[in-house]
Every structure is written in structure tokens, then in C-alpha cells.
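Enquirer: Pasting the sequence and the predicted model now:
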Amino acid sequence: MMRRTMRSGLLAILGCALITGCDRDARPRQIGNPAPVFALNDGQHSVDLAQLRGKVVILNFWASWCAPCIEEMPSLMALQHQLPQIQIVAVDSGEDFSQYQSYILQHHIDLMTVFDQNQTSNALYGSFRFPETYIIDKQGIVRRKMIGAQEFTSPDFINYLKKLAS
């Protein structure tokens, strides 16, 4: 009886995990479609995705409390320095504005960053667990979605971006 109860409990946990995993589909409905546009202004920084049309955009949703986000941030900054023709937009959501500001200053983040207090931008993309990154081509079409910490300076990824930018 106890084994059956444990097995049922494990199956319920596994089922929940599988359902939750569906929310982070690596091939979302946006791929191949126009990227949802948004404009944000947090009082210090602003971004208007529509104004970036004509550039390849890496849209990164992150938060300073997110360990994988912190892990990938140095490679994201290195990528911006290596490929200045690519526009990286890092949108922080889901935390206190003072935490965001403190993190940006302490870690000398030199990317285009903006704070989205209401989480409207990531909601447009269906991204609520960070980090999630979208690659948007020059025409404003979503080409890729990446889930979790990435190594943005890998040769394969650099070559992919160079092809998109040419």
C-alpha cells in the first residue's frame, strides 16, 4: 500500500514537471513570426524594439537573483563587444528596481538594459522563467529561442550571428 502511494506521488510529481516543461518550449509559436514589439522606459534607460528594426537583436530576459542569468551575463557582454553590429537588449523583470540598479552598477553591466517592473515585455514572449533569449533578425522576425544559461561567444553562435547580420 505504501509503495503504491509513493509511486502515485512520484507519478504526480513527474506529471507536474512535464506539464511545467511545456511552458519553456524551445520552438515557440513566435519562431518565424514577427517579434512582439514593446517600448520600455525605467526612468534611467529606455528601449523601443520597433526602433531597432534593421539590426539583429538579441533579446535577453533576466533578473539579478537568477543564478543562470548571472552565469551568462559575462559572455553576453563579451558578445556585445565582439559584435557591435548586433544589438543586445537585456530586460530585467521580476524583482525590485533597487536590486536591479545595484547589480548593474556593481557588475559594470554595459549592455542596453532596461527594467520592466510590470513584466509586460516578457509576457508578450511568454517568458516567465529566466533566462530566456530570443534572436530577432533585421526584419524583426524571431529566429531562435534559447532557454537557460548560454555561452554567447561560442564560435558556432558567433558564425550564426554574423550570417544573420550580413
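Expert: Received, thanks.

Enquirer: Just the element for the closest residue in space to Pro36 that isn't next to it in sequence, please.
Expert: Spatial nearest neighbour of Pro36, excluding adjacent residues (C-beta to C-beta, 6 or more residues apart in numbering): Leu124 at 3.8 Å. Bear in mind the C-beta positions are built from the backbone N, C-alpha and C, glycine included. Per DSSP states H and E: Leu124 is located in helix 120-125.

Enquirer: which secondary structure elements does that helix contact?
Expert: strand 57-62, strand 87-93, strand 132-136 (3 or more C-beta pairs under 8 Å, 6 or more residues apart in numbering; DSSP states H and E).

Enquirer: before we move on, back to that, would you mind measuring from the residue nearest to Pro36 to Tyr134?
Expert: 10 Å (C-beta to C-beta, to the nearest Å).

Enquirer: where's the closest residue to Asp42 other than its chain neighbours, which helix or strand?
Expert: Among residues not flanking Asp42 along the chain, Phe115 sits closest, at 4.0 Å (C-beta to C-beta, 6+ apart). Element membership for Phe115 (DSSP H and E) is strand 112-116.
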